[in-house]
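> build the 3D model from these lines:
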Amino acid sequence: MEARFDYYGTEIGAKFTKRIGNAGLVVDQSTLPRATQELVKLRASQINGCGFCADMHSKDALHAGEDQVRLNLVAAWRDATVFTDAERAALALAEEGTRLADAHTGVSDETWAHVQKHYDTDQIAALISIIALINTYNRMNVIAGTPAGSYQPGQQWG
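Alright, predicted model coming up:
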């Protein structure tokens, strides 16, 4: 299976990817826990059907020490006992922020209040940023048809 388009092999694609990758470093260096970052990226990727990003972020999370059971249950986080209340708030925000068109209100006041209960303002900014960023990457990879399965943790791509 091959990508329908080598987005990352183009001058524009390479420049754009480098710039949004640099923006992502801000979140990487924030106080938002790394586990929360990976869970959010994985959940948005599942919703968007981005196999490449789901593969990448599940493998990166495992490589960083995340538990396989938790990764297996990300799609069913509401029914799982393995996530903290803070992680549940982040996952709810990720879902609502990814599915903006599914609700006329976008992110619910209930979800927003739950997020504010568990995260400080810088962490909330990091959450919003990472949700926007992973949705961008998901769209790029789904549109280009980037195949999943061969990613290795730490692999340089794009």
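> all contacts plus neighbour counts: C-alpha atoms, from now on.
Will do.
> which non-adjacent residue is nearest the most centrally placed residue in the chain?
In the chain, the residue lying closest to the centroid (CA atoms, centre = their mean) is Lys41, at 1.4 Å. Nearest non-adjacent residue to Lys41, counting by CA to CA, 6 or more residues apart in numbering: Ile134, 5.9 Å away.
> please, which helix or strand holds that neighbour?
Using DSSP states H and E, Ile134 sits within helix 121-144.
> roughly how far does the closest residue to Val82 other than its chain neighbours sit from Phe16?
What sits nearest to Val82 in space, not counting adjacent residues and going by CA to CA, 6+ apart, is Arg70, at 6.2 Å. For Arg70, the distance to Phe16 equals 32 Å [CA to CA, to the nearest Å].
> got it, and Ala64?
Distance from Ala64 to Phe16, by CA to CA: 27 Å.
> cool, and Met140?
Computed as CA to CA, the Met140 to Phe16 distance reads 11 Å.
> got it, and Pro147?
Using CA to CA, we find Pro147 at a distance of 20 Å from Phe16.
> which of these two has more neighbours?
For Pro147 versus Phe16, neighbours defined as other CA atoms under 10 Å are more numerous around Pro147 (18 against 15).
> so what's that one up against?
For Pro147, the contacting residues are Met1, Glu2, Ala3, Gly51, Phe52, by CA atoms under 8 Å, 6 or more residues apart in numbering.
> I'd like the distance between it and Gln116.
For Pro147 relative to Gln116 (CA to CA), the value is 37 Å.
> and what of Gln29?
With CA to CA as the criterion, Gln29 and Gln116 are 20 Å apart.
> and these two? which has more neighbours close in?
Using other CA under 10 Å as the criterion, Gln29 and Gln116 rank with Gln116 on top: 15 against 11.
> okay, how far is it across stretch 93-105, tip to tip?
13 Å.
> quick one: mean pLDDT for it?
Mean pLDDT, computed over stretch 93-105, is 90.
> would you mark the buried spots in it?
Of all the residues in stretch 93-105, those buried under the rule 16 or more other CA atoms under 10 Å are Leu93, Ala94, Glu95, Glu96, Gly97, Thr98.
> likewise stretch 15-23?
Residues Thr17 are the ones in stretch 15-23 that count as buried (16+ other CA under 10 Å).
> now that stretch: average pLDDT?
The pLDDT scores in stretch 15-23 average 95.
> could the C-alpha coordinates of that stretch be exported in CSV?
The C-alpha coordinates for stretch 15-23 follow below in CSV (Å, rounded to 0.1, in the frame of the first residue of the first chain):
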residue,chain,number,x,y,z
LYS,A,15,7.9,23.6,4.5
PHE,A,16,4.4,23.5,6.0
THR,A,17,5.1,20.3,8.0
LYS,A,18,8.3,21.8,9.4
ARG,A,19,6.5,24.9,10.5
ILE,A,20,3.6,23.1,12.2
GLY,A,21,6.1,20.7,13.7
ASN,A,22,7.9,23.6,15.3
ALA,A,23,4.6,24.8,16.7
